[in-house]
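Enquirer: Predicted model and sequence follow; I will ask about them next.
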There are 2 protein chains.
Amino acid sequence: MRIKSLHPDRVRAWLARAEAWCRARGSNLTPLRREVLELVIARGRPVRAYELLDALRARGRAGSPPTVYRALEFLEAEGLVHRLSARKAWLACPEPGHDHAGVVLSCRHCGRALEVDDASLVEPLLARLDAYGFEPEAGLLEVPGTCDWCRQERDHG
Amino acid sequence: MRIKSLHPDRVRAWLARAEAWCRARGSNLTPLRREVLELVIARGRPVRAYELLDALRARGRAGSPPTVYRALEFLEAEGLVHRLSARKAWLACPEPGHDHAGVVLSCRHCGRALEVDDASLVEPLLARLDAYGFEPEAGLLEVPGTCDWCRQERDHG
DNA sequence: GAATGCAATGTAATACTATTACATCATGTT
DNA sequence: AACATGATGTAATAGTATTACATTGCATTC
């Protein structure tokens, strides 16, 4: 069985890490930003900005697109969420402070995404781009495809 | 000096290849689709859909968003253009019929993009995704970064 | 403690990207 | 002629993201 959304305890622990991280960096994780992060974490999968906006409003927050985009921008700068451009969605990062080198495995079928923070996955590729004089950005490479669960679903009914 | 847009002869040759490719596949490269492809090719870099729409209109074509998106969808299905999701733009593929395994090196500074059709670049990475039960889609991996030209510009003024 | 400056948020409007739904037209087939 | 099909025309709308400007709250300085 797949997890539908995160257990509250896990969300709490995750948020606590994020708070510690921001405190250590002297950055300002305001209630609003924290709330947006909480929503992204709890979802347990990539979320679209306007879903977050709806969720905020449902909680009684004022809110308009900039509310959400500004919070997401902050969170991304802090390395607490990642933007998945190919998906137009945002994913909470389980390990703030990580290097965030690696890949995000993004499933076209179920929409879930798995962050794999393993620089060794992408380093050989990135190193070869030197030959083109190209300097890749630090960050995660988005890899679209089919996740384990959906593949099994498809193959063995 | 960098090339601003493609030489007409090169565009013509490119289009001729595309026509041959479609003829061989029995697919229907209509005048409209051909014109859109021509615009993408001539630009020599990723183009946004609405730029194409404007260009079509400037040429006296009727046109609305679906006009462009339908043409692009066709061209992508034929492997004649690639969609760069991270850039929300479309890039003409110089080699129809290729496997299109490899990367697109996408420069954040100048906006240019280079398609590198070299499966050996990505195969080691993709193979390792097996360990996650993940089945990557065939296609190009978008790599954001800084191109050779912009890097030199930045480093040696 | 009033004035100033700054970061964060509120709010309205708008720009940009993409799709849906339905009408029309041309072409080939029965 | 009637019909089926694929391509295009057209209007409307959905979804994503940004700009611009007003306001608030708090810390600093005088």
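Expert: Yep, it's here. On a predicted model such as this, the values are computed, not experimentally measured, just so you know.
Enquirer: OK, contacts around the residue located most distally from the centre of chain A?
Expert: In chain A, the greatest distance from the average C-alpha position (C-alpha atoms, centre = their mean) is reached by A:Ala131, at 30.9 Å. By C-beta atoms under 8 Å, 6 or more residues apart in numbering or on different chains, the contact set of A:Ala131 is empty. In this view, the C-beta of every residue, glycine as well, is placed from N, C-alpha and C.
Enquirer: Is the helix or strand harbouring A:Pro66 in proximity to DNA strand D?
Expert: Secondary structure from DSSP states H and E places A:Pro66 in helix A:65-77. Yes: residues of helix A:65-77 are located near DNA strand D by C-beta under 7 Å from any atom of the strand, namely A:Pro65, A:Pro66, A:Tyr69.
Enquirer: which parts of chain A sit against DNA strand C?
Expert: Residues of chain A lying close to DNA strand C by C-beta under 7 Å from any atom of the strand are A:28, A:30-33, A:61-67, A:70-71, A:74.
Enquirer: Closest to A:Ala101 out of those?
Expert: Distance ranking of these against A:Ala101, using C-beta to C-beta, places A:Phe74 first at 21.7 Å.
Enquirer: now the closest residue to the closest one other than its chain neighbours: how far from A:Ala24?
Expert: Spatial nearest neighbour of A:Phe74, excluding adjacent residues (C-beta to C-beta, 6 or more residues apart in numbering or on different chains): A:Arg33 at 5.5 Å. With distances taken as C-beta to C-beta, to the nearest Å, A:Arg33 is found 16 Å from A:Ala24.
Enquirer: These two: who's more crowded?
Expert: Higher neighbour count among A:Arg33 and A:Ala24: A:Arg33, with 21 against 10, using other C-beta atoms under 10 Å in any protein chain shown.
Enquirer: Give the helix, strand or coil label for that one.
Expert: helix (DSSP: H, G, I helix; E, B strand; the rest coil).
Enquirer: what about it, distance to A:Ala71?
Expert: Distance, A:Arg33 to A:Ala71, using C-beta to C-beta: 5 Å.
Enquirer: Next: A:Ala42.
Expert: Distance, A:Ala42 to A:Ala71, by C-beta to C-beta: 15 Å.
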